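Engineer: below are the sequence and a predicted model; questions follow.
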Amino acid sequence: MEYICFNCGGTVKADEVVRRIRCLYCGGRILYKKRPKIVKSVKAR
């Protein structure tokens with residue numbers, strides 16, 4: 001699992017977040033989970 005820093009956009013791995021909840025690059029404390037892109041299919045009529 002990876003987290004993304006809200007402040008700088010840096011990627012932080014889950015094992016780093018367990019030890020301390022801070023971005024390794026800028027020191028930001030707001031991180032959110034990286035979500036997979038959702039592809040919506042459109043049905044033809």
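Structural biologist: In hand now; what should we look at? Numbering: from 1, shown residues only.
Engineer: distance between the ends of stretch 4-14?
Structural biologist: One end of stretch 4-14 to the other measures 10 Å (Cα to Cα, to the nearest Å).
Engineer: likewise stretch 38-45?
Structural biologist: Distance between the two ends of stretch 38-45: 22 Å, counting by Cα to Cα.
Engineer: so what's the gap between that stretch and the chain middle?
Structural biologist: Taking Cα atoms, centre = their mean, to the nearest Å, one finds the center of stretch 38-45 at 26 Å from the center of the full chain.
Engineer: the strands in the chain, which residues?
Structural biologist: Counting by DSSP state E, the chain has strands at residues 2-5, 11-13, 31-33.
Engineer: separation between the closest residue to Cys23 other than its chain neighbours and Val39?
Structural biologist: Counting by Cβ to Cβ, 6 or more residues apart in numbering, Cys5 is the residue found nearest to Cys23 once chain neighbours are left out, at 3.9 Å. Every residue, glycine included, has its C-beta placed from N, CA and C. Using Cβ to Cβ, to the nearest Å, Cys5 is found at 26 Å from Val39.
Engineer: for these two, indicate the residue with more neighbours.
Structural biologist: A direct count of neighbours by other Cβ atoms under 10 Å for Cys5 and Val39 places Cys5 higher, at 20 against 5.
Engineer: hey, what's that one bridged with?
Structural biologist: Leu31 (DSSP bridges).
Engineer: buried ones in the helix or strand of the chain with the lowest mean pLDDT?
Structural biologist: When the helices and strands of the chain are scored by mean pLDDT, DSSP states H and E, helix 14-19 comes last with a mean of 78. By neighbour count with 16 or more other Cβ atoms under 10 Å, helix 14-19 contains the buried residues 16-17.
Engineer: who are the packing partners of that helix?
Structural biologist: The contact analysis (3 or more Cβ pairs under 8 Å, 6 or more residues apart in numbering; DSSP states H and E) places helix 14-19 against strand 2-5.
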